[in-house]
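In: could you work out the structure for the sequence below:
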Amino acid sequence: MQKQTGKSGGSGGGTPAKRGRPFGSTTGGGAAAAAAAAAVGDPAAPAALVGPSLQVLSALSDQNNKRIVLALQSGLKAEILWALNALTFLSFKEKDDVRRDTTPLAKVPGLLDALLQVIDDWRDVAMPKDHTKPARERTLGANTTLSGFGHENMEKVYSDTATTSNDQSKTEDSSETKKRSASFWFDEDGLFNVDDEGRTEKQQCAVAASNIIRNFSFMPENETIMVQHRHCLETVFQCLEDQNREDDELITNMLETLVNLAPVLDLRIFSSSKPSFIKMTEKRAVHAIMGMLASSVKPWHCAAAELIGRLIINPDNESFLLPVIPQIYKRLVDLLSVPAYDAQAAAVSALYNVSEVNMDCRLKLASERWAVDRLLKIVKMPHPVPEVCRKTSMILESLVSEPQNRMHLLVHENTFAEILTTDGKYSDTFARILYELTARPSNKVTSGQAIWGNIN
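Out: Next up is the predicted model:
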């Protein structure tokens, strides 16, 4: 198919930068499918884009809505791959691309359910990453000479000969011989079971489907439908729960989907009257997020921190997160000490919202000197992103607003004064912090310790 370049919108100049993805999120079998689908059919494209390409008509989604859904539901390998490749291309948008012909694909009847079915098919056969197939003892007919079950041939070696299809040269060199024991007849992987190759194919299709769902979540017109689709949210959270058996890229895609939907996500959907497929609850969903936050994989715990910061600002979600606030606080403070700037930024962003809505977090944060030291270090370094430094300063200001915290924060008064006199960007914030510490009437008990002298 030839792509109609005249009907495609976007910027008139050079190709804009593609939407970024967290480091490490392109591992797994689905990366090849995504890369092939994102290629453009432009003969003048740079050498970096030369390779397998998928050329799709811009109006394909309008003309083939039903065909795409039926292809995903067919179970046929060729049809599913065609639909996944087309949807990957159609659902991807450049950061600055505003295409008039873009279709909100989540509104196509049955499309979201068909994509989730592809993921469910993989989850039905998925195994843990450390799974080892146990030996199965067979005793039927073991004491007979001829059992009828092939026990007498277990020690024999069979050869499978595959000859190439070239009729002109059928020589001995053109054949490949694989020798294996006769016990392969007793393997469970066979006609009615999916072998390793078939399982890999289902995994790649599931990763491609998760990438399409992730692309859906970037489109504002799809948010409302996706957060009200219980099966979609249940599948996403269950993939996060089973991080030890899922593909890394699939988990990353699901996590990014949640981060995109978090501002409008209401966890109470799991206790609603909508039909449930997995019996997901609010408590299980929160524990799945905490598992991601505790992960040692940087893209996962950074995305989980950002997800918590976005979820907790919704008053309807706050009650479900309150029981795990102590663990959230502890983990976020640990991330502040990670040398990676993106981990620090994610932790500060989450702490900014958590401390804003939860007084216990503010009290706990100020009572531990090492936690405040880490916040001050981000401002003093400073962090390369000014917004992170600004939010850190606002966190410190929210801590000093609690009268119980002032005695703990007076220990850092010299540091506050140093930042006030050396950094003009945040001088106003730290001036207010020092004012709260030393000039408030409620602080008469500790005002004698201030560097400005006794102001009673």
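
In: what separation do you get for Asp423 and Ser271?
Out: 48 Å (CB to CB, to the nearest Å). Where C-beta positions appear, they are placed from N, C-alpha and C, glycine not excepted.

In: show the subsequent helix or strand relative to the helix or strand Ala343 falls within.
Out: Ala343 belongs to helix 341-357 when assigned by DSSP states H and E. Counting by DSSP H and E, the next helix or strand C-terminal to helix 341-357 is helix 359-367.

In: looking only at pLDDT, what's the mean for that next one?
Out: Helix 359-367 shows a mean pLDDT of 88.

In: run a quick neighbour tally on the nearest residue to Glu201 once chain neighbours are set aside.
Out: The shortest distance from Glu201 to any non-neighbouring residue, by CB to CB, 6 or more residues apart in numbering, is to Lys77 (6.8 Å). Using other CB atoms under 10 Å, Lys77 is surrounded by 12 other residues.

In: do Val372 as well
Out: Neighbours around Val372, by other CB under 10 Å: 22.

In: what does Glu249 give?
Out: Counted with other CB under 10 Å, Glu249 comes out at 26.

In: what helix or strand is it on?
Out: Assigned by DSSP H and E, Glu249 falls in helix 248-261.

In: who does that helix touch, helix- and strand-wise?
Out: Other elements packing on helix 248-261 under the criterion 3 or more CB pairs under 8 Å, 6 or more residues apart in numbering; DSSP states H and E are helix 30-38, helix 196-217, helix 220-227, helix 230-241, helix 298-311.

In: give me the contact list for the last one.
Out: Translated: helix 298-311. 22-25, 243, 251-252, 255-256, 258-259, 262-263, 265, 267, 289-290, 292-295, 317, 321, 328, 331-332, 335, 340, 342-343, 346-347, 349-354 (CB atoms under 8 Å, 6 or more residues apart in numbering).

In: out of those residues, which are buried?
Out: Using 16 or more other CB atoms under 10 Å as the burial test, those include 22, 25, 243, 251-252, 255-256, 258-259, 262, 265, 267, 289-290, 292-293, 295, 317, 321, 328, 331-332, 335, 342-343, 346-347, 349-354 as buried.

In: quick one, the helix holding Glu249 and helix 230-241 angle?
Out: 130 degrees (axes from the mean of the first three to the mean of the last three CA atoms, to 10 degrees).

In: between helix 341-357 and the next helix or strand along the chain from helix 248-261, find me the angle.
Out: Once the chain leaves helix 248-261, the next helix or strand it forms, by DSSP H and E, is helix 282-293. Interaxial angle, helix 282-293 versus helix 341-357 (the same axes, to 10 degrees): 140 degrees.

In: what's next to helix 282-293, contact-wise?
Out: Contacts of helix 282-293 (CB under 8 Å, 6+ apart): 233, 237-238, 240-241, 243, 255, 258, 267-268, 270-271, 300-301, 303-305, 307-308, 311, 320-321, 323-324, 327-328, 331.

In: tell me the mean pLDDT over that helix?
Out: For helix 282-293, the per-residue pLDDT averages 94.

In: with stretch 214-222 instead?
Out: pLDDT averaged over stretch 214-222 gives 88.

In: and for stretch 258-274?
Out: For stretch 258-274, the per-residue pLDDT averages 93.

In: what lies in contact with it?
Out: So stretch 258-274 is contacted by 214, 217-218, 223-224, 226-228, 230, 233-234, 236-237, 240, 276, 280-282, 284-286, 289, 303, 306-307, 310-311, 313-314, 316-317, 320 (CB under 8 Å, 6+ apart).

In: enumerate every residue touching Pro382.
Out: Pro382 is in contact with Cys389, Asp423, counting by CB under 8 Å, 6+ apart.

In: tell me which helix or strand it sits in.
Out: Here Pro382 is assigned to no helix or strand, by DSSP H and E.

In: from now on call the first residue 346
Out: Yes, from this point I'll number from 346; that puts the last item at Pro727.

In: picking up where we left off before, if you average pLDDT over each of the helices and strands packed on helix 593-606, which is lowest?
Out: helix 375-383 (a mean of 42).

In: rewinding a little: now list the buried members of the contacts of stretch 603-619.
Out: 559, 562-563, 568, 571-572, 575, 578-579, 581-582, 585, 625-627, 629-631, 634, 648, 651-652, 655-656, 659, 662, 665.

In: so where's the stretch 446-595 of the chain shaky on pLDDT?
Out: 446-452, 471-540 (pLDDT under 70).

In: what's stretch 764-774 in contact with?
Out: Contacts of stretch 764-774 (CB under 8 Å, 6+ apart): 721, 724-725, 727, 731, 734-735, 738-739, 741-742, 775-776, 779.

In: apply 10 Å and report the result again.
Out: 721, 724-725, 727, 731, 734-735, 737-739, 741-742, 757, 761, 775-779 (CB atoms under 10 Å, 6 or more residues apart in numbering).

In: buried ones in that stretch?
Out: Ile764, Leu765, Asp768, Tyr771, Thr774.

In: just put those in a markdown table and tack on distance to Arg412 and pLDDT.
Out: Formatted as a markdown table, the buried residues of stretch 764-774 follow (distance: CB to CB, whole Å; pLDDT from 0 to 100):
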| residue | distance to Arg412 | pLDDT |
| --- | --- | --- |
| Ile764 | 62 | 89 |
| Leu765 | 66 | 88 |
| Asp768 | 60 | 76 |
| Tyr771 | 57 | 85 |
| Thr774 | 58 | 90 |
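
In: how about the one helix or strand Glu742 maps to: buried residues?
Out: For Glu742, the enclosing helix or strand under DSSP H and E is helix 731-745. Residues of helix 731-745 classed as buried by neighbour count (16+ other CB under 10 Å): 733-745.

In: using CSV, write down the CA coordinates of the next helix-or-strand element following it.
Out: Next along the chain after helix 731-745, taking DSSP H and E as the criterion, comes helix 751-754. In CSV, the C-alpha atoms belonging to helix 751-754 read as follows (Å, rounded to 0.1, in the frame of the first residue of the first chain):
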residue,chain,number,x,y,z
ARG,A,751,10.1,23.9,64.0
MET,A,752,12.3,22.6,66.8
HIS,A,753,13.6,19.9,64.4
LEU,A,754,14.2,22.3,61.6
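
In: let me see the mean pLDDT of helix 751-754.
Out: Helix 751-754 comes out at a mean pLDDT of 88.

In: which neighbouring elements make contact with it?
Out: helix 704-712, helix 714-725, helix 731-745, helix 772-783 (3 or more CB pairs under 10 Å, 6 or more residues apart in numbering; DSSP states H and E).

In: now do the third one against helix 686-702, angle only.
Out: If you take the same axes, to 10 degrees, helix 731-745 sits at 30 degrees to helix 686-702.

In: and helix 731-745, what does it pack onto?
Out: helix 686-702, helix 704-712, helix 714-725, helix 751-754, helix 758-767, helix 772-783.

In: correct me if wrong: the residue nearest to Glu546 contacts Cys550.
Out: Yes - counting by CB atoms under 10 Å, Lys422 touches Cys550, with 8.5 Å between them.
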